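Undergrad: sequence and predicted model, in that order:
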Amino acid sequence: MADEQRILIVEDDCDLSNITMIHLTGAGYAADAAYSLAEAERMLDLRLYMLILLDIMLPDGEGYALCQTIRQRCSCPIIFISCLRDGDSIVAALRGGGDDYMTKPVNYRELLARVDANIRRATVYGAQNPNDNIVRFRRFSLDKRLHRAWRDGCDIDLTPIEYALLMYLYANNGELILYNDLYSSIWGMDGADDLRTLTVHVSNLRKKIDPDHAGLITTVRNAGYIFTDV
């Protein structure tokens, strides 16, 4: 189990790391700092974290690689924080297992809101429900307790965000879900200016649960999505 409310900051800029830690502790979180991939991996061997803040450009490699390593160990939320603003970097981070993405310079009020939202989502969707754990779709099945999905006997590897998106879409089966409503429900904040994050995650989810392009998730242009369990 992750240490309660403890966050790992992976950032090679000592000043930025210290400032981030001050804001996190001021908000009631405990925080550790790692300044390289190797140091972060050592710290991950020692404890589990509630959430990880991850830079991309680190002295001994890129954060993408660490993200993949983390995803092999745990499903805690990962928020990338980087000076890279281009679409390819953002897409690579989100498709590589990241839950959220922020660019530098950091708006700490927004960062704390995103930290709160990601931890809240992980806590809510991570809670075990002893009743009705198995959801049987027509094309695949889902175990809500284990967060495990499978199709034709093979596992579907869902990230925490993809799982949360799927459960929200399923709860609104057959209805149009507006982009901003879906974003705010999963991330806990207004997503009017950050639809790219949402569209990347939905695209990833669609590829995993609907490889045959049966139309489980339909995009309504300039509006939102409709999930149909067909």
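TA: Cool, the structure landed. Residues are numbered from 1 along each chain as shown.
Undergrad: same for the helix or strand of the chain with the lowest mean pLDDT, what does it pack against?
TA: When each helix and strand of the chain is scored by mean pLDDT, DSSP states H and E, strand 134-136 comes last, with a mean of 75. The helices and strands touching strand 134-136, judged by 3 or more Cβ pairs under 8 Å, 6 or more residues apart in numbering; DSSP states H and E, are strand 141-143. (Glycine included, C-beta is placed from N, CA and C.)
Undergrad: what pLDDT, on average, does the strand it packs on get?
TA: Averaged across strand 141-143, pLDDT comes to 80.
Undergrad: which strands and helices lie in contact with that strand?
TA: If you count contacts as 3+ Cβ pairs under 8 Å, 6+ apart, strand 141-143 packs onto strand 134-136, strand 148-151.
Undergrad: residues in contact with the longest one?
TA: Read it as strand 148-151. R139, F140, S141, L142, D143, D155, I156, L158, Y163, L166, K208, I209 (Cβ atoms under 8 Å, 6 or more residues apart in numbering).
Undergrad: who's in contact with the spatially most central residue of the chain?
TA: What sits nearest the mean C-alpha location of the chain, by Cα atoms, centre = their mean, is D99, with 2.1 Å. Residues near D99 by Cβ under 8 Å, 6+ apart: P77, I78, I79, N118, T159, P160, I161.
Undergrad: what is the nearest of those to V106?
TA: Ranked by distance to V106 (Cβ to Cβ), the contacts of D99 are led by I79 at 10.6 Å.
Undergrad: which elements pack onto the longest helix seen in the chain?
TA: Across the chain, the longest stretch assigned as helix under DSSP state H is helix 108-126. Contacts defined by 3+ Cβ pairs under 8 Å, 6+ apart place helix 108-126 against helix 14-26, strand 51-54, strand 78-82, strand 100-103, helix 160-171, helix 179-187.
Undergrad: let me see the mean pLDDT of the second one.
TA: Rounded to a whole number, the mean pLDDT of strand 51-54 is 97.
Undergrad: tell me the phi and psi of K207?
TA: The phi and psi torsions at K207 (degrees, to the nearest 10) take the values phi -60, psi -30.
Undergrad: burial of it, as a residue count?
TA: Using other Cβ atoms under 10 Å as the criterion, K207 is surrounded by 11 other residues.
Undergrad: over to C83?
TA: 12.
Undergrad: surely it meets V106?
TA: No: at 10.3 Å, C83 does not count as touching V106 under the criterion of Cβ atoms under 8 Å.
Undergrad: want to throw the helices and strands packed on strand 141-143 into a markdown table with distance to R71 and mean neighbour count?
TA: Formatted as a markdown table, those follow (distance: least, Cβ to Cβ, whole Å; neighbours: other Cβ atoms under 10 Å):
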| stretch | distance to R71 | mean neighbour count |
| --- | --- | --- |
| strand 134-136 | 23 | 11 |
| strand 148-151 | 15 | 16 |
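Undergrad: domains in this structure, by residue range?
TA: Per the record, the chain has its domains at 6-126, 134-227, by automatic domain parsing.
Undergrad: how far away from the center of its chain is the last one?
TA: Spelled out, that is domain 134-227. 13 Å (Cα atoms, centre = their mean, to the nearest Å).
Undergrad: from now on call the first residue 703
TA: From this message on, residue numbering opens at 703, which makes the last subject domain 836-929.
Undergrad: would you mind measuring the gap between the ends of it?
TA: With Cα to Cα, to the nearest Å applied, domain 836-929 spans 18 Å between its terminal residues.
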